[in-house]
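Have a look; sequence and predicted model below, questions after that.
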Amino acid sequence: MSSKAIGIDFGTSSIKIYKNEEGIILHQKNVIAIYNKTHTFAVGNEAYEMYEKAPVKISVSYPVKNGVIADIGNMQSLIDYFFAELDGKRRFKGAEYYIAVPTDITEVEKRAYFDLISNTNLKPKCIHIVEKPIADALGMDLDITGTTGTLVVDIGANTTEVSILSLGGIVQSRLIPIGGNRFNECIIAKIKRDRNFVIGEKTAEELKINIASAFENDETMDVCGRNLLTGLPSEITITGREIYEALIDLFQSIVDQIKVLLERTPPEISSDIYKHGLYFTGGSSQIRELGQFFYQQLGFRVNLCNEPESSVVMGLGAIIENPELTRLSQ
């Protein structure tokens, strides 16, 4: 392996970079602000602060959507900016790169990640592709190189990836178009429909973090927004029950898709999954009692990840630091 090795997780919501012998050196929002359609105004957490607040001349967007690069130009600008901020020419030039990508995307979409790094001026030594479910499992310290079947569910910002792994490869995989952003959209729609009140995505995110649960609860939270009847700024109190009603159908949809995948799973692997349970990760897996809901619906144990937002990039780090695992990359 090269003396320099870099792992990158281009998540829909955030981007993480791992460097050998240093660990995670970047974890910021995958957001870019463009001024007058040409100039990079801000990136990462700074750009996220501008989201839904920027004037007309500043466009704030997420370059990655549904697990794939939707705007290659903005993504290139964003990654070049981060590399420059991290003193990339000195630390990254001539390095080996390990990039995590979803399983159920086309070869053209996978190639876009490859081109993103090859088009930088860092002259990468080589670029390896690692499927996200494999990185997820390694990031949770799971041994997927043996014959034991493993079920991993990663609920991300735009998608949920359900995968069954064995012998270092993917036996079954399904990419579901439901994730944290869809949860936020349903919260916004529910409040608008029932309360004639409009809130923004950031406020919906706060509601999801603070009072969302997979079971009904009596918690409340005061939020500000716009009253549709008066057209004026106002404040209302939202209950945990309202958030539960907004999200429960989405939780059930994810469970139903897991059941479909399990119906197609070889019986010997099904036996392993029943014994060891499901491994639950991804930023949106942190919704309270969601693991308990999955347990009640599926009937077997749900193992929660300690750092669900970082499991993919830590899995890339495991491949980088352990030469025996490099065969799991492409």
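Received it, and whenever you're ready, just let me know what you need. Numbering: from 1, shown residues only.

CA atoms for contacts and neighbours, from now on please.
OK.

I'd assumed V60 was in contact with M50.
Yes: the criterion here is Cα atoms under 8 Å, and M50 meets it with V60 at 7.1 Å.

more crowded one of these two?
Taking neighbours as other Cα atoms under 10 Å, M50 and V60 compare with V60 leading, 24 against 19.

Confirm that that one sits in a strand.
Yes: using DSSP: H, G, I helix; E, B strand; the rest coil, the assignment for V60 is a strand.

Let me know the pLDDT of it.
According to the prediction, V60 has pLDDT 91.

if I look at it, how far off is Y113?
Taking Cα to Cα, to the nearest Å as the measure, V60 falls 21 Å from Y113.

Low-confidence stretches in the stretch 151-300 of the chain?
Within the stretch 151-300 of the chain, no stretch has pLDDT under 70.

How far does the helix ranked longest in the chain sit from its chain's centre?
Counting residues, the longest helix in the chain under DSSP state H turns out to be helix 240-263. Relative to its parent chain, helix 240-263 has a centroid offset of 18 Å by Cα atoms, centre = their mean, to the nearest Å.

Can I get that helix in PDB? Just the C-alpha atoms.
Listed next in PDB are the C-alpha coordinates belonging to helix 240-263 (Å, rounded to 0.1, in the frame of the first residue of the first chain):
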ATOM      1  CA  GLY A 240     -44.600  14.000  19.700                       C
ATOM      2  CA  ARG A 241     -47.800  12.300  18.600                       C
ATOM      3  CA  GLU A 242     -48.000  14.500  15.500                       C
ATOM      4  CA  ILE A 243     -44.400  13.700  14.500                       C
ATOM      5  CA  TYR A 244     -45.200  10.000  15.100                       C
ATOM      6  CA  GLU A 245     -48.200  10.100  12.800                       C
ATOM      7  CA  ALA A 246     -46.100  11.900  10.100                       C
ATOM      8  CA  LEU A 247     -43.400   9.200  10.200                       C
ATOM      9  CA  ILE A 248     -44.900   5.900  11.100                       C
ATOM     10  CA  ASP A 249     -45.900   4.900   7.500                       C
ATOM     11  CA  LEU A 250     -42.300   5.500   6.400                       C
ATOM     12  CA  PHE A 251     -40.900   3.300   9.200                       C
ATOM     13  CA  GLN A 252     -43.400   0.600   8.200                       C
ATOM     14  CA  SER A 253     -42.300   0.900   4.500                       C
ATOM     15  CA  ILE A 254     -38.700   0.300   5.400                       C
ATOM     16  CA  VAL A 255     -39.700  -2.800   7.500                       C
ATOM     17  CA  ASP A 256     -41.800  -4.100   4.600                       C
ATOM     18  CA  GLN A 257     -38.800  -3.800   2.200                       C
ATOM     19  CA  ILE A 258     -36.600  -5.600   4.600                       C
ATOM     20  CA  LYS A 259     -39.100  -8.400   4.800                       C
ATOM     21  CA  VAL A 260     -39.100  -8.700   1.000                       C
ATOM     22  CA  LEU A 261     -35.300  -9.000   0.900                       C
ATOM     23  CA  LEU A 262     -35.400 -11.600   3.700                       C
ATOM     24  CA  GLU A 263     -38.000 -13.700   1.700                       C
END
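
tell me what that helix is packed against?
strand 169-176, helix 180-195, helix 201-211, helix 290-298 (3 or more Cα pairs under 8 Å, 6 or more residues apart in numbering; DSSP states H and E).

quick one: buried residues of that helix?
Residues 240-248, 250-251, 254-255, 257-258, 261-262 are the ones in helix 240-263 that count as buried (16 or more other Cα atoms under 10 Å).
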